[in-house]
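Participant: Provided below for reference: sequence and predicted model.
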Amino acid sequence: MISAKTLTQEELDCPQISPDQVLKFNGPTDGFLCSLSSNRYGIEFKSFTIRDMESGRMLFQVNKGDAAPPDMVDETATRTIQYDFPADFLKLDTVGTKLVFSVGPRPVPNFRMIERHYFRDKLLKSFDFNFGFCIPNSTNSWEAIYDMPKLTPEEQEDLMKHPFETKSDSFYFVNNELIMHNKADYSYQS
């Protein structure tokens, strides 16, 4: 597994991490595989929602204005989110997500997100989305429907007993160049 702890600042500023590499990861990364300055396209997340597709119930919502001001957070906090879901989240069949984001003054060709979810060092689910082309100075929305991983009752119990040991890495590529890397930790409580 590639560890960001082994990367120099120069390597972080010029990442050579490919989509094929991240699709082979068998556990979450130790840190971030690119620096914040790698986002040369000015992509900025505005809002994110998660909903249960069967009931339409909103499960999570965050807007850019909900975060702490940039001068009050460190880089890890800026790029990491913690989700605290109810235990019944693990029993859902599908969830829908909507990401609203803006693009800076440069065109964004071949925008792709790969998201890998792990419990400890076991891959639970991998998602690979292609957004395509984003025009400069635009605001865009990206909606996706996720089929939830099928977990046994024993696996669900294990995830509930070990809050925040379920993790994900979200890798964002433009023309197969890694420009952003975010992380998430998950808790599922009764």
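Facilitator: Structure's in. What do you need?

Participant: tally of neighbours for residue 24?
Facilitator: Around residue 24 there are 10 other residues, counting by other CB atoms under 10 Å. C-beta: built from backbone N, CA, C; applies to glycine.

Participant: which SS class is it?
Facilitator: Of the three states, residue 24 takes coil according to DSSP: H, G, I helix; E, B strand; the rest coil.

Participant: for it, give me the pLDDT.
Facilitator: On the pLDDT scale, residue 24 is placed at 92.

Participant: same check, this time on residue 73
Facilitator: Here the pLDDT value assigned to residue 73 is 52.

Participant: repeat for residue 30
Facilitator: pLDDT recorded at residue 30 is 89.

Participant: for this protein, give me the ranges with low pLDDT.
Facilitator: Scanning the chain for pLDDT under 70 picks out 1-15, 65-73, 190.

Participant: give me the most central residue, this structure.
Facilitator: residue 170 (3.3 Å; CA atoms, centre = their mean).

Participant: OK, contacts around that residue?
Facilitator: Contact analysis of residue 170 by CB atoms under 8 Å, 6 or more residues apart in numbering lists 113, 114, 115, 180, 181, 182, 183, 184.

Participant: then residue 120?
Facilitator: Applying CB under 8 Å, 6+ apart, we find residue 120 in contact with 27, 162, 165.

Participant: let's see that with 6 Å instead.
Facilitator: For residue 120, the contacting residues are residue 165, by CB atoms under 6 Å, 6 or more residues apart in numbering.

Participant: same deal with residue 79?
Facilitator: residue 182.

Participant: returning to what we had before: can I take it that the residue nearest to the centre of the chain is in a strand?
Facilitator: Yes: assignment of residue 170 by three-state DSSP places it within a strand.

Participant: so what sits opposite it in the bridge?
Facilitator: Bridge pairing for residue 170 (DSSP bridges) gives the partners residue 115, residue 182.

Participant: what's the spacing between it and residue 108?
Facilitator: 16 Å (CB to CB, to the nearest Å).

Participant: can you check residue 176 too?
Facilitator: 13 Å.

Participant: neighbour count: those two, which is higher?
Facilitator: Between residue 176 and residue 108, counting by other CB under 10 Å, residue 108 is the more crowded of the two (23 against 11).

Participant: can you get me a residue count around the residue nearest to the more buried one when sequence neighbours are not counted?
Facilitator: Take residue 108 and drop its neighbours on the chain: the residue closest to it by CB to CB, 6 or more residues apart in numbering is residue 134, 3.9 Å away. Counted by other CB under 10 Å, the residues lying close to residue 134 total 23.
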